[in-house]
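Asks: Generate coordinates for the sequence data below:
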Amino acid sequence: MSLNKFEVVITVIESGSLTKAGEILGLTQSAISHTIASLEREFGFTLLTRGRSGISLTSNGERLLPFMRETLRCHERMKQEVFAINGLEVGTVRIGTFTSVSTQWLPGILKRFQDQYPAIEIKLMEGYYDGIESWIQSGEIDFGFVSLPTTEDLECIPLKKDQMYLLVTEEHPLYKEERVHVSRLAEETFIMPKTGCDNDIQRLLAQYQIEPRIKYEVGDDHAIIAMVQNGLGISILPEMILFRLPANIRMIPLEGEHYRSLGVAATSFSKQSPAAKRFLQFVTDWVNEQQA
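Replies: Below you'll find the predicted structure:
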């Protein structure tokens with residue numbers, strides 16, 4: 001068996017089709033099919049099934065997928081170590097991120113990193129908190145930006161405390177308040193992030209035993225702001241999201257220390273590839289500079 005066969009299987013699963021996998025890998029659909037069939041013959045059982053919903057792993061395929069991913073990660077780390085020994089900086093780093101980090105942090109970090117290490121490829125996967133943690137655990141990404149705390153089996157590096165603000169329009173009774181205590185929001189109509197998108201607000205309201213009247217649950221931060229702008233309710237969002245707010249929205253600090261804790265998480269930082277370790281150092285240095 002070869003590493004290329006593992007790469008084909010993983011790419012088919014992640015892309016969802018033989019055709020897309022072929023486009024990504026530069027292979028024909030026929031070549032993709034033959035590679036999978038060859039690996040299945042070596043193993044003695046099928047790895048993939050085709051149904052109306054697309055291609056999926058068999059139960060045996062699900063058992064082997066983590067080992068395939070780990071084998072490819074080990075090979076990537078070894079390849080990068082060989083290049084590092086020879087004084088070259090190359091490799092691929094796969095990173096999970098979410099909207100506010102992608103908008104506020106990554107452009108500056110990526111520009112600085114690519115200027116110094118142009119041969120290292122950075123691949124970004126954008127999602128929600130829960131999805132990013134799942135990608136880390138499954139090995140789809142090397143590490144990811146997360147809201148702390150995470151699941152106990154992940155290692156984490158704290159980066160920033162991102163203050164939470166109440167968002168109201170100029171017609172709202174709280175508009176002119178300097179600060180608002182969370183307890184005053186018990187009877188308000190909320191525009192709420194979907195569970196898994198932003199768990200920080202749910203934790204905050206639960207801390208004060210508040211069960212808000214949720215009118216809408218939305219996955220996109222900018223959609224939440226637009227709904228508040230149109231008077232459909234109030235919301236609470238972290239500061240990094242609140243740039244270029246509409247003129248009729250005011251962000252009001254909450255009484256007390258209320259923030260989301262941002263960080264990066266991985267299954268193991270010590271086992272990261274040389275390229276990933278380089279990028280992690282750029283992340284921590286850049287965030288520290290911004291907060292200095």
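Asks: Is Leu204 within a helix or a strand, and which one?
Replies: Assigned by DSSP states H and E, Leu204 belongs to helix 199-207.
Asks: Would you pull up how far the helix or strand following that helix lies from the middle of the chain?
Replies: The helix or strand immediately downstream of helix 199-207 is strand 213-218, counting by DSSP H and E. The gap between where strand 213-218 is centred and where its chain is centred comes out at 23 Å by CA atoms, centre = their mean, to the nearest Å.
Asks: and the helix or strand following strand 213-218, which residues are buried?
Replies: Sequence order places helix 221-229 as the next helix or strand after strand 213-218, per DSSP H and E. Neighbour counts using 16 or more other CB atoms under 10 Å place Asp221, Ile224, Ile225, Met227, Val228 of helix 221-229 among the buried residues. Using the backbone N, CA and C atoms, a C-beta is placed for each residue, glycine as well.
Asks: Redo the residues you listed as TSV? Include distance to Val101.
Replies: As requested, these are exported to TSV (distance: CB to CB, whole Å):
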residue	distance to Val101
Asp221	12
Ile224	17
Ile225	17
Met227	23
Val228	22
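Asks: So for Met1, what's the pLDDT?
Replies: On pLDDT, Met1 comes in at 59.
Asks: mind saving the C-alpha coords of the helix holding Leu204 as CSV?
Replies: C-alpha atoms of helix 199-207 as CSV (Å, rounded to 0.1, in the frame of the first residue of the first chain):
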residue,chain,number,x,y,z
ASN,A,199,-21.5,29.3,22.8
ASP,A,200,-20.1,32.3,24.7
ILE,A,201,-23.5,34.1,24.9
GLN,A,202,-25.3,31.0,26.1
ARG,A,203,-22.8,30.6,28.9
LEU,A,204,-23.1,34.3,29.8
LEU,A,205,-26.9,34.2,30.1
ALA,A,206,-26.8,30.8,31.9
GLN,A,207,-24.5,32.4,34.5
